[in-house]
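sequence and predicted structure below; questions after.
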Amino acid sequence: MLLLAGCRQDMHDQPRYKPLAQSDFFADQRSARAPVEGTVARGHLNDDTYFYTGKVSGQAGEVFPYPVNAAMLARGQERFNIYCSPCHSRLGDGNGMIVQRGLKHPPSYHEERLRKSPPGYFFDVISNGFGQMQDYSYQIQPADRWAIVAYIRALQLSQGAKLYDLTPAERAQLPAAPMATTAKAVAQPMAPKALKGEAR
Ligand code: HEC
């Protein structure tokens with residue numbers, strides 16, 4: 001018993017500082033020491049430059065850092081509808097509710113220049129903002145930014161898509177009455193003859 005008690009006493013008496021207590025030992029009198037300059041917290045090395053910047057030698061990159069799949073698109077759609085659609089609208093044409101209430105009208109994603117802009121460019125706009133648009137680097141983590149970019153690509157594709165880009169099974173799922181947003185696609189010829197000539 002005595003031996004055990006002695007052990008415990010040692011542990012109780014070891015020299016230590018209470019968090020943020022004053023210290024006479026260090027010149028600045030702080031017991032809490034700043035990490036050595038250049039210290040990187042575990043898991044924060046961020047050495048995959050492309051994933052974190054979307055740039056290759058200062059230029060917007062042409063590819064996604066990893067293959068796009070359905071789960072990534074679904075995540076991108078969800079994040080886009082939350083963070084971007086209030087201004088850019090769910091269609092990406094820039095007629096979001098905040099814009100209808102007077103904010104500067106962003107360009108439509110469907111204009112030629114943005115259709116041709118590479119994925120890295122969109123990643124950069126989300127990360128660093130653009131003109132009057134603030135950046136979303138705090139709210140949206142890099143993986144979600146890439147997911148949003150993938151979804152923007154899908155939006156762009158959807159607005160230029162032709163009916164014959166779809167498989168017969170996909171076409172069968174289209175609503176019978178043309179909706180405003182799909183009118184362009186529905187107006188395309190459906191006859192097998194036309195399909196033959198236009199198939200990709
Ligand atoms: C509060 C409104 C608002 C939100 C939310 C918003 N944007 Fe923007 N965005 C703008 C405005 C305004 C511009 C045009 C800025 C300018 O030209 O000064 C713009 C421009 C852009 C551009 C075009 C840049 C160019 O080259 O013309 C892209 C791409 C873009 N935004 C993507 C996004 C994405 C992705 C999100 C969501 C993560 C988002 N924006 C959220 C308002 C917004």
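Perfect, thanks for sending it. Numbering: from 1, shown residues only.

next SSE downstream of the longest helix belonging to the chain?
Longest helix in the chain by number of residues (criterion: DSSP state H): helix 142-160. Heading C-terminal from helix 142-160, the first helix or strand you meet, by DSSP states H and E, is helix 168-172.

now find how far off-centre that next one is within its chain.
From the chain centre to the centre of helix 168-172 is a distance of 31 Å (CA atoms, centre = their mean, to the nearest Å).

follow-up on the earlier one: so what secondary structure elements neighbour the longest helix of the chain?
helix 49-53, helix 70-83, helix 112-116, helix 119-128 (3 or more CB pairs under 8 Å, 6 or more residues apart in numbering; DSSP states H and E). In short, each C-beta sits where N, CA and C put it, glycine included.

mind listing what's buried along it?
If you call a residue buried by 16 or more other CB atoms under 10 Å, then helix 142-160 has these buried ones: 142, 144-156, 159.

can you name the residue of this structure nearest the ligand?
In the chain, the residue that lies nearest the ligand is G131 (2.1 Å; CB to the nearest ligand atom).

tell me, what's the model's pLDDT at Y136?
Y136 carries a pLDDT value of 98.

which residues touch it?
By CB atoms under 8 Å, 6 or more residues apart in numbering, the residues touching Y136 are 83, 126-127, 129, 145.

7 Å - rerun?
By CB atoms under 7 Å, 6 or more residues apart in numbering, the residues touching Y136 are 83, 126.

leaving out sequence neighbours, find the closest residue to N81.
Among residues not flanking N81 along the chain, R90 sits closest, at 6.0 Å (CB to CB, 6 or more residues apart in numbering).

count of residues packed around the one you found?
15 (other CB atoms under 10 Å).

now it. Its backbone dihedrals?
Dihedral pair for R90: phi -70, psi -20, per degrees, to the nearest 10.

mind showing which ranges of this structure have poor pLDDT?
The model of the chain has pLDDT under 70 over residues 1-9, 177-200.

write out the residues of it neighbouring the ligand.
By the rule CB under 6 Å from any ligand atom, the part of the chain lying against the ligand is 83-84, 86-88, 98, 103-104, 106-107, 122, 125-126, 130-133, 136, 140, 148.

among those, which are in helices?
Reading helices off the residues of the chain next to the ligand with DSSP H, I get 83, 86-88, 98, 122, 125-126, 148.

which of the residues you listed lies closest to D24?
Checking these against D24 by CB to CB gives I126 as the nearest, at 49.1 Å.

how many neighbouring residues does V40 have?
10.

quick one, what contacts the residue most central in space within the chain?
Compute the mean C-alpha point of the chain, and by CA atoms, centre = their mean the closest residue is R145, 1.0 Å away. By CB under 7 Å, 6+ apart, the residues touching R145 are 123, 126-127.

show the buried residues in the residues you listed.
When neighbours are counted using 16+ other CB under 10 Å, those contain these buried positions: 123, 126-127.
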